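Undergrad: Predicted model follows, preceded by the sequence.
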Amino acid sequence: MSVSTARQSRRTLVHSLTWIALPVVLFAAFFVTVVRMVSAEAPKRGQDPTGAAASAALAREPAIQATNAFVFNGDTGEIYYVKDADAERPMASTTKLMTALLAIESKGLDRLVTIGPDAAALARPGSSKMGVTAGERLRLRDLLYGLLLPSGNDAAVAIADEVGGNEAAFVELMNARARELGLTHTHYTNPHGLDDDPNHYTSARDLATLAAADLKLPDFVEIASTLKYSIPATETHKAYDLQTGNDLLPGSRSPYPGALGGKPGYTVAAGYTMAFSARRQGHLIVGAVLGDPSWQVRTDDMRALLDWGFSRVGLKPAPPPTPGSAPNPDQ
């Protein structure tokens, strides 16, 4: 082969290899560009509000077992979840949210209240109670702890007697305040909710609305968000050790990040009920469930509804609960 022929062959080979390699180079460049674009548009670590798995889990509204539920943003009023929310149902001890509201709005929480025999009569078996005794004198503030933590029916009557003059007059104040708040599917016949009176009812929407009104009162938030409270004995009353029934609070059975005061309840007719709330990263979610079949299911329902509410403002679900822990409200 001549020198010129060899050179021509090399040029031909190089030319052929160039045309073969060019598509490969172009494809590689295109692939790198696409990867960079996707990486640039993907949320950075820590900025993804839910994560892929969480987004899939929260793509649809939660399926809960409560017969009635309502969840909304306590700051903006935006509604996030509705399930037969205007049906009128028994409310059990969630009644005490209105009792607490009127007591706090009456001012003078450090005034002494004398326990009457009607209040002491409810400190009995079969009645959730603070354990007061007729003739004792306690601060109204301490009675509120007895009302909201152990759900004392006896404390409810003592408060009603003090604020309204007697139980019947206090019930009139309860219904008047309900009208002022626009609770059109709520009616009270007592200050505690112990009796399944057919004329004593609320709706999930009304109950959540009432809870939001309570949460505007710093005294309510402080009292209802307390896990345990001790009242030392004085010359006017014995000592008390009180513990909440709110399973979402820090230190409880199923602590939820940022959980605040609420009120659980139970009677045979009402089932397991509760008004609940939590504040995470500046967002307040308030809700209510009525007619759950057990306290465990009620807890699961509330956690699912809170996760759903917070997902609407871009927050990821709460981690699985660790009993007795105090989860970070900013997570």
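TA: Perfect, thanks for sending it.

Undergrad: Which parts of the stretch 1-150 of the chain are helices?
TA: With DSSP state H, counting those that start in this stretch, the ranges of helices along the stretch 1-150 of the chain come out as 3-41, 52-57, 96-105, 117-120, 140-148.

Undergrad: which stretch in those is the model least sure about?
TA: When the helices of the stretch 1-150 of the chain are ranked by mean pLDDT, helix 3-41 comes last with a mean of 43.

Undergrad: Okay, domains of this protein per the record?
TA: Here the domain parsing of the chain from automatic domain parsing is 1-33, 66-105+184-311.

Undergrad: got a markdown table for these, with distance to Ala121 too?
TA: No exception for glycine: its C-beta is placed from N, CA and C like everyone else's. Below are the domains of the chain laid out as a markdown table (distance: least, C-beta to C-beta, whole Å):
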| stretch | distance to Ala121 |
| --- | --- |
| domain 1-33 | 80 |
| domain 66-105+184-311 | 12 |
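
Undergrad: Please identify the most buried of these.
TA: Across the domains of the chain, averaging neighbours per residue (mean count of other C-beta atoms under 10 Å) puts domain 66-105+184-311 on top, at a mean of 21.

Undergrad: mean pLDDT lowest for which of the domains of the chain?
TA: Mean pLDDT across those is lowest at domain 1-33; the value there is a mean of 44.

Undergrad: any idea where the helices of the stretch 151-300 of the chain begin and end?
TA: For the stretch 151-300 of the chain, helices defined by DSSP H, counting those that start in this stretch occupy the ranges 153-164, 167-180, 204-215, 218-224, 295-311.

Undergrad: residue nearest the centroid of this structure?
TA: For the chain, the residue whose C-alpha lies nearest the mean C-alpha position (C-alpha atoms, centre = their mean) is Ser277; its distance is 2.8 Å.

Undergrad: isn't it right up against Ala211?
TA: Yes - taking C-beta atoms under 8 Å as the definition, Ser277 is a contact partner of Ala211 at 6.2 Å.

Undergrad: Which neighbours do the two have in common?
TA: Common neighbours of Ser277 and Ala211, using C-beta atoms under 8 Å, 6 or more residues apart in numbering, are Gly262, Val286.

Undergrad: returning to what we had before: of all the domains of the chain, which lies closest to Ile115?
TA: Each of the domains of the chain was scored for nearness to Ile115 using C-beta to C-beta, and the closest is domain 66-105+184-311 (8.2 Å).

Undergrad: Now do the closest one: distance to the chain's middle.
TA: Taking C-alpha atoms, centre = their mean, to the nearest Å, one finds the center of domain 66-105+184-311 at 8 Å from the center of the full chain.

Undergrad: Just the terminal-to-terminal distance for it.
TA: The first and final residues of domain 66-105+184-311 sit 20 Å from each other (C-alpha to C-alpha, to the nearest Å).

Undergrad: repeat for stretch 69-88
TA: Taking C-alpha to C-alpha, stretch 69-88 runs 12 Å from one end to the other.

Undergrad: Let the chain start at 11 from now.
TA: Renumbered: residue one is now 11, and that last one reads stretch 79-98.

Undergrad: Run through who's touching it.
TA: With contacts defined as C-beta under 8 Å, 6+ apart, stretch 79-98 is touched by 71-72, 74, 76-78, 195, 211-215, 217-218, 222, 225, 287, 293-300, 311, 315-316, 318-319, 322-323.

Undergrad: same thing but at 7 Å, please
TA: Contacts of stretch 79-98 from elsewhere in the structure, counted by C-beta atoms under 7 Å, 6 or more residues apart in numbering, are 71, 74, 77-78, 195, 211, 213-215, 218, 222, 225, 287, 294-299, 315, 318-319, 322.

Undergrad: Then stretch 173-183?
TA: Looking at stretch 173-183 with C-beta under 7 Å, 6+ apart, the contacting residues turn out to be Leu112, Ala113, Ser116, Asp128, Val167, Ala170, Asp171, Tyr198, Thr199, Asn200, Pro201.

Undergrad: Give me the buried stretch members for that stretch, please.
TA: Val173, Gly174, Glu177, Phe180, Val181, Leu183 (16 or more other C-beta atoms under 10 Å).

Undergrad: ok, of those residues, which one's closest to Leu237?
TA: Using C-beta to C-beta, Val173 is the member of these that lies nearest Leu237, at 26.1 Å.

Undergrad: if I look at the residue lying closest to the closest one once chain neighbours are set aside, how far off is Ala130?
TA: For Val173, the nearest residue in space outside its immediate sequence neighbours is Ser116; the separation is 4.9 Å by C-beta to C-beta, 6 or more residues apart in numbering. In this view, Ser116 and Ala130 are 22 Å apart by C-beta to C-beta, to the nearest Å.
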